[in-house]
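In: no sequence on hand, only this structure:
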């Protein structure tokens, strides 16, 4: 009888370890896809990251408040890994960038 209870305890501990491992791996995958990155299991990015400073420099070059534009654009670019072309508009080419909102429910990205 003691060996059966030991087996049950061992089984229970192994199941807990299994579920914790699955939870940790799922959290890592969720964090990388939330950041716009996907990996192929060998720690290599499948999606190429863009140069946010250069893309935002182009996006904000005609802005009247250049530093504010660059700061907002840089935040949006880091989250979305995308900056629409041109100095304004074209947000339909980058839906993540277009859908980010401020706390006041106004568009965040220039």
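Out: Cool, the structure landed. Nothing here was measured: the structure is a model prediction, and the numbers come from that model.

In: what does stretch 84-98 contact?
Out: Contact with stretch 84-98 is made by 36, 58-63, 76-77, 79-80, 82-83, 107, 109-110, as judged by Cβ atoms under 8 Å, 6 or more residues apart in numbering. C-beta here means a position set from N, CA and C on the backbone, and glycine is covered the same way.

In: pLDDT below threshold where in this protein?
Out: Where the chain drops to pLDDT under 70, the residues are 1-2, 24, 26-47.

In: if we go to 50?
Out: Scanning the chain for pLDDT under 50 picks out the ranges 32-39.

In: and the strands in it?
Out: Assigned by DSSP state E, the chain shows no strands.

In: what ranges do the helices span in it?
Out: 2-34, 52-59, 66-80, 95-99 (DSSP state H).

In: can you list those in a markdown table and add mean neighbour count and distance to residue 88?
Out: Below are the helices of the chain laid out as a markdown table (neighbours: other Cβ atoms under 10 Å; distance: least, Cβ to Cβ, whole Å):
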| stretch | mean neighbour count | distance to residue 88 |
| --- | --- | --- |
| helix 2-34 | 10 | 27 |
| helix 52-59 | 18 | 8 |
| helix 66-80 | 18 | 10 |
| helix 95-99 | 16 | 12 |
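
In: which residues touch residue 62?
Out: For residue 62, the contacting residues are residue 87, by Cβ under 8 Å, 6+ apart.

In: distance from stretch 74-85 to the middle of the chain?
Out: Centre-to-centre, stretch 74-85 and its host chain are 11 Å apart (Cα atoms, centre = their mean, to the nearest Å).
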